[in-house]
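A.B. asks: My questions concern the predicted model and sequence given below.
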Amino acid sequence: MKNILSIALALAVLLGAGSLLAHHGGNLYDTTKAVVLNKARITKFEWGTPHNQIYFDVTSDKGEMQHWVASTEPAGVMLERGWTRRSLKDGDIVTVYIYAAKNGATVGNLQKIVMADGKELTTQGPLQGAEGAAR
Amino acid sequence: MRVRTCGAALLGAVTWSSILAAQAADPPRPPVDVYTLKNFLPIGPPAPLPVSKVPDFSGDWAAGAGGFGQSLSAADPGGRMRGKEPDIPYQPWALEYTMKQNPPTGPDAKFEVTTDPNIHTCEPLGLGRIFMYPGKMRFIQTAEAVYILHEVGPVYRVVWLNTKHPDDPDPQYWGHSIGWYENDDTLVVDTIGVNDRSWLDQLGHPKTEKFHFIERYKRLDGQTMTVDMTVDDPGAYTKPWPGKRNFAKSTTGFLRYQWVCSVRDNYEHYDKVGRAGNTGETTFKK
């Protein structure tokens, strides 16, 4: 199993690994670290294709209200990762982990959302049923 | 909501025309009439048709180890060597064509100025590129044909078994496919009659109407399947070249969400998410 995972990891590196490059802005976002946005308030959740969009508001350290939009893989892929169209609703207060735009714009590729009750919604992972597989 | 949607559609319509006009300007083309060319590889099954058991491809197959990647090139599935792949024998015009494209994803992505015909006009993904998307596929095997269903599109292909191609098939997006079984474990799919409007993959590798595509599906074990592909297109390349993808069996269900291409959704995604991270423009910039 360890070997399988090692091979999977190698293949993931070879392929550019996962959803990041399936997104269109892969080289426009800072993928070296996820920006953590606390107390984000969900304002809209668009579920569909070509990608899901999640809108949320965050108050910056300077007290300014920022309007963000994050993207995930399309709905069909996110279903495989445990999401549904009801995973988020307007008004939810969450913590957002996002690869944000390098140019400072409040957009990016979502990595993870932690709900108020601690439940995590991650955007990463193979299709279910494809254990040990790398994408 | 309706006003906003219609407004977006109108804006999109105005934008499409200018983009399409720009795209039509002087695209590299094959220097010869491709119909005068002879394919490198035999088309259709060997004669006599091999005797084989019918392998079982039932179930749903997801992009597995080996992933969906960016390029059809077996040597460069991640798309990091665009134009310099050791296994793609470009003709000069095909290399020029490829390098003039702006991929929507991958290491060379230029989403803000992409020339991707699937994004701009939802041209069908077509053969090769359909494997670049993380959707599942399902095989329906009958005595007459194998039906290959793809979640992305959604689209289905009909692979007619134990027969021949028509003499002069109309070029279409998915071509005309025939198939046969070999070695008790392999489904061979042979396709011709494909038009040249779709890219071979995310990077923009071209094909011509002389495109001949061979897929060899084989189950490696109960949980994995592989497809070895061969691109045989004397209109764009100087010899055949290989592609490969692996799939893992999935048990979570098929087509739970229809991955339909919508030009409006494509543009709205870019307008809402892409532009701020790219150029600040409100639509695609050509």
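C.D. replies: Received it, and whenever you're ready, just let me know what you need. Numbers count the residues shown, from 1 in each chain, chains lettered A, B, ... in the order given.

A.B. asks: need the helices for chain A, in chain order.
C.D. replies: Listed in chain order, the helices found in chain A under DSSP state H are A:2-15, A:19-22, A:75-80.

A.B. asks: Does the residue most central in space within chain A have any beta-bridge partners, and if so which?
C.D. replies: Centroid-nearest residue in chain A: A:Leu110, 2.4 Å away (criterion: CA atoms, centre = their mean). A:Leu110 forms beta bridges with A:Ile98, as assigned by DSSP bridges.

A.B. asks: so what's it up against?
C.D. replies: Contacts of A:Leu110 were listed using CB atoms under 8 Å, 6 or more residues apart in numbering or on different chains, and they are A:54, A:70-72, A:96-98, A:123. All C-beta atoms are positioned from the backbone trio N, CA, C, and that covers glycine.

A.B. asks: Need the max-distance pair from these.
C.D. replies: The widest separation within the contacts of A:Leu110, taken as CB to CB, falls between A:Ser71 and A:Tyr97 and amounts to 13.5 Å.

A.B. asks: Grab the nearest non-local neighbour of B:Leu37.
C.D. replies: Distances taken as CB to CB, 6 or more residues apart in numbering or on different chains place B:Pro234 nearest to B:Leu37, at 4.2 Å, with adjacent residues excluded.

A.B. asks: sec struct for the one you found, please.
C.D. replies: coil (DSSP: H, G, I helix; E, B strand; the rest coil).

A.B. asks: sorry, back to before: so which of the contacts of A:Leu110 comes closest to B:Gly204?
C.D. replies: For B:Gly204, the closest of these turns out to be A:Ser71, at 22.5 Å, with distances computed as CB to CB.

A.B. asks: Contact partners for the closest one?
C.D. replies: Taking CB under 8 Å, 6+ apart as the contact definition, A:Ser71 lies against A:23, A:25, A:51-54, A:107-110, B:269, B:273.

A.B. asks: and of those residues, the nearest to A:Asp92?
C.D. replies: When these are compared for distance to A:Asp92, the smallest value, 10.1 Å, is given by A:Ile54; criterion: CB to CB.

A.B. asks: in stretch A:80-99, what counts as buried?
C.D. replies: Within stretch A:80-99, the residues that qualify as buried are A:80-81, A:83, A:87-88, A:92, A:94-99, counting by 16 or more other CB atoms under 10 Å in any protein chain shown.

A.B. asks: Farthest-apart pair in those, please.
C.D. replies: Spanning the widest gap among the buried residues of stretch A:80-99 are A:Glu80 and A:Thr95, at 23.1 Å by CB to CB.

A.B. asks: Tell me the spacing between A:Arg81 and chain B.
C.D. replies: 10 Å (CB to the nearest CB, to the nearest Å).

A.B. asks: what does A:Arg85 give?
C.D. replies: A:Arg85 sits 9 Å away from chain B when distances are taken as CB to the nearest CB.

A.B. asks: From B:Val263, how far off is the residue nearest to that residue when sequence neighbours are not counted?
C.D. replies: Taking CB to CB, 6+ apart, and ignoring the residues beside it in sequence, A:Arg85 has A:Trp47 as its nearest neighbour in space, at 4.0 Å. Applying CB to CB, to the nearest Å, the value for A:Trp47 to B:Val263 is 19 Å.

A.B. asks: Looking at these two, which is more packed in?
C.D. replies: When neighbours are counted by other CB atoms under 10 Å in any protein chain shown, A:Trp47 comes out ahead of the other of A:Trp47 and B:Val263, with 19 against 16.

A.B. asks: what's near enough to touch B:His165?
C.D. replies: B:43-44, B:176, B:178, B:190, B:192-193.

A.B. asks: typo on my end, it should be B:Arg197
C.D. replies: When contacts are taken as CB under 8 Å, 6+ apart, B:Arg197 is in contact with B:117, B:123, B:126, B:173.

A.B. asks: now the residues you listed: which count as buried?
C.D. replies: Members of the contacts of B:Arg197 classed as buried by 16+ other CB under 10 Å are B:117, B:123, B:126.

A.B. asks: Make CSV from those residues and add pLDDT, distance to B:Thr186 and secondary structure to it.
C.D. replies: Converted to CSV, the buried ones among the contacts of B:Arg197 look like this (pLDDT from 0 to 100; distance: CB to CB, whole Å; DSSP: H, G, I helix; E, B strand; the rest coil):
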residue, pLDDT, distance to B:Thr186, secondary structure
B:Pro117, 92, 32, helix
B:Glu123, 94, 31, coil
B:Gly126, 96, 23, coil
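
A.B. asks: related to what we said a few turns ago, most neighbours of all the contacts of B:His165, which one?
C.D. replies: When neighbours are taken as other CB under 10 Å, the top entry among the contacts of B:His165 is B:Asp190 (25 neighbours).

A.B. asks: Farthest pair within the contacts of B:His165?
C.D. replies: Among those, the pair separated by the greatest distance (CB to CB) is B:Gly44 and B:Gly193, which sit 12.2 Å apart.
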